[in-house]
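*Asks:* Just to be clear, the model below is a prediction. Sequence and coordinates:
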Amino acid sequence: MIGLGVMGRNLLLNMADHGFKVIGFDKDKEKTTAFEQAASPGTTVKGVDSLQAMTGELALPRKIMMLVPAGKPVDDVIESLLPVVQKGDIIIDGGNSHYTDTLRRVQYLAEKGIHFMGVGVSGGEQGARTGPSIMPGGDEAAYPHVQPMLEAIAAKVNGEPCVAHLGKGAAGHYVKMVHNGIEYAIMQLISECYDLLHRGAGLNNDELHQVFDSWNKGELQSFLVEITADIFLQPDDRSKNRLVDMILDKAGAKGTGKWTSQDAMEIGVPIPTIDMAVTMRNISALKEERLKANSLYKTSFGKIGAPKDQWIAQVHDALFFGVLISYAQGLSLLHKASGELAMDIPLPKVVKVWRGGCIIRSSLLDLFTQIYQQNPGLENLLLDERIAKLLQAKEQNLRTVASAAIQHKYAIGGLLSALSYFDAYRSGLLPVNLIQAQRDYFGAHTYQRTDEAGTFHTVWNR
């Protein structure tokens, strides 16, 4: 393992715990020492600060994984490895690299006879140590050499490891990118529902904990809902408040959500809830401007007067609806990208891999697994009858929540985008016939007709 930060160290220790002999490289000797000291008794673990020393102790074909920041650092590590590896060796990038970089690296190293794999890893610090969700793609000849190790360290659901080969080329990193886009969307939706319950209905942190904890015991069961319930109880060690109340409303981002939106636009797949999640983080970054606007517009937020228990139930349904739509959008992108980019991504395996270990694990993924096993070529989850029934059962409560939120000035871009996507996707007629007329009027862009085949242009009356 190259890079003994939190993720790299924990993954390597996980491998050692499962009987694999491991060696970790880091330029920082303190990290290599800490790595060795953290090893479980009876495991074979070694830390080094020389790549030559590391590669010299590895059996052939060498299996070298790196967990370093995406971009130039990955290329730098590859260049530093070339003098000390040989044909047939396997280099794995376990970071969040953009898939186009992975494709370039696959081709570059293939020309030198070296296998390269892009592998998505989800689960955070704890997941890396005890069982992450792992999304390998690319070099099929290399995969059998690392498969036993990856299956051993991955999270397990019903005894099945949450890892599978997910397609050609940069499929592993593409799937991880979309995973992160879905993660952005669900986090945004949860934050909006928190706002509607906290400021909107006046629930305190103890009540919010109870609500999210109860939701996590039902159909909203998921890692993100589970940790949200925990967050409301965390005390602040610098004040008498709960920590969540002391955190600035200014979200960070590492770029994978933005990549998901950009790449979806490139191949023409609508994912507006993911797009809106990215946008809302960008708006949150404008803290000073928002404070000025708040003062200028004298913005105040009214209390939502619905009975508390009724409102909680309605917000629950709104969140469930939005979460399901987020998955549908991300998986529809994977379906389209699989063909467009010749990656052959197996969606039944993707949703199975996501069931355990990863940040977006959820009880919904068991249903998705059944659906895709029965219909692997399904274009969009919204075309499945079981999904349709679930959405229709929640639809009215989302509309009620959306209406109240709008009237009381709460920003719910995620929930509204999910509802608009649903309304547009199921509509047999959209008003874009007028857009086509406008395009033909000013730019002679042509249009199609409803009553006969072909492409037409009109000289419009002026």
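*Replies:* Received the coordinates, thanks. Numbering: from 1, shown residues only.

*Asks:* Pull the residues that contact stretch 215-233.
*Replies:* Here stretch 215-233 makes contact (C-beta atoms under 8 Å, 6 or more residues apart in numbering) with 183, 186-187, 190, 194, 205-206, 208-209, 212-213, 242-244, 316, 319-320, 323, 358-364. Bear in mind the C-beta positions are built from the backbone N, C-alpha and C, glycine included.

*Asks:* Do me a favour and get the end-to-end distance for it?
*Replies:* End-to-end span of stretch 215-233 (C-alpha to C-alpha, to the nearest Å): 16 Å.

*Asks:* before we move on, back to that, just the buried residues of the contacts of stretch 215-233.
*Replies:* 183, 186-187, 190, 194, 205, 208-209, 212-213, 242-244, 316, 319-320, 323, 358-362, 364 (16 or more other C-beta atoms under 10 Å).

*Asks:* Go through the residues you listed and flag which are in strands.
*Replies:* Judged by DSSP state E, strands contain none of the buried ones among the contacts of stretch 215-233.

*Asks:* How far off centre is the host helix or strand of residue 225?
*Replies:* Taking DSSP states H and E as the definition, residue 225 sits inside helix 223-231. The chain centroid and the centroid of helix 223-231 are separated by 16 Å, computed with C-alpha atoms, centre = their mean, to the nearest Å.

*Asks:* Would you mind writing the CA trace of it as PDB?
*Replies:* The C-alpha trace of helix 223-231 is given here as PDB (Å, rounded to 0.1, in the frame of the first residue of the first chain):
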ATOM      1  CA  PHE A 223     -26.300   4.300   7.100                       C
ATOM      2  CA  LEU A 224     -26.900   8.100   6.500                       C
ATOM      3  CA  VAL A 225     -30.200   8.100   8.500                       C
ATOM      4  CA  GLU A 226     -28.500   6.100  11.300                       C
ATOM      5  CA  ILE A 227     -25.600   8.500  11.700                       C
ATOM      6  CA  THR A 228     -27.900  11.500  11.500                       C
ATOM      7  CA  ALA A 229     -29.800  10.200  14.500                       C
ATOM      8  CA  ASP A 230     -26.400   9.900  16.400                       C
ATOM      9  CA  ILE A 231     -25.300  13.400  15.400                       C
END
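
*Asks:* Heading C-terminal from it, find the next helix or strand.
*Replies:* With DSSP H and E, the next secondary element past helix 223-231 is helix 256-266.

*Asks:* Buried residues, whichever helix or strand comes after that next one. List them.
*Replies:* Toward the C-terminus, helix 256-266 is succeeded by helix 272-284 as the next helix or strand (DSSP H and E). By neighbour count on 16+ other C-beta under 10 Å, the buried set for helix 272-284 is 272, 273, 274, 275, 276, 277, 278, 279, 280, 281, 284.

*Asks:* now the residues you listed in a markdown table, with distance to residue 2 and pLDDT?
*Replies:* A markdown table is the format used below for these (distance: C-beta to C-beta, whole Å; pLDDT from 0 to 100):
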| residue | distance to residue 2 | pLDDT |
| --- | --- | --- |
| 272 | 38 | 98 |
| 273 | 36 | 98 |
| 274 | 31 | 98 |
| 275 | 34 | 97 |
| 276 | 37 | 98 |
| 277 | 32 | 97 |
| 278 | 30 | 96 |
| 279 | 35 | 96 |
| 280 | 35 | 96 |
| 281 | 30 | 95 |
| 284 | 34 | 96 |
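
*Asks:* mind checking the backbone torsions on residue 404?
*Replies:* Residue 404 adopts backbone torsions of phi -70, psi -40, taken as degrees, to the nearest 10.

*Asks:* measure it to residue 353 for me?
*Replies:* According to C-beta to C-beta, to the nearest Å, residue 404 stands 38 Å off from residue 353.

*Asks:* residue boundaries of the strands in the chain?
*Replies:* 22-25, 45-48, 63-66, 90-93, 115-122, 133-138, 156-157, 160-161.

*Asks:* any idea which of those strands is most buried?
*Replies:* The highest mean neighbour count among those, using mean count of other C-beta atoms under 10 Å, belongs to strand 133-138: a mean of 30.
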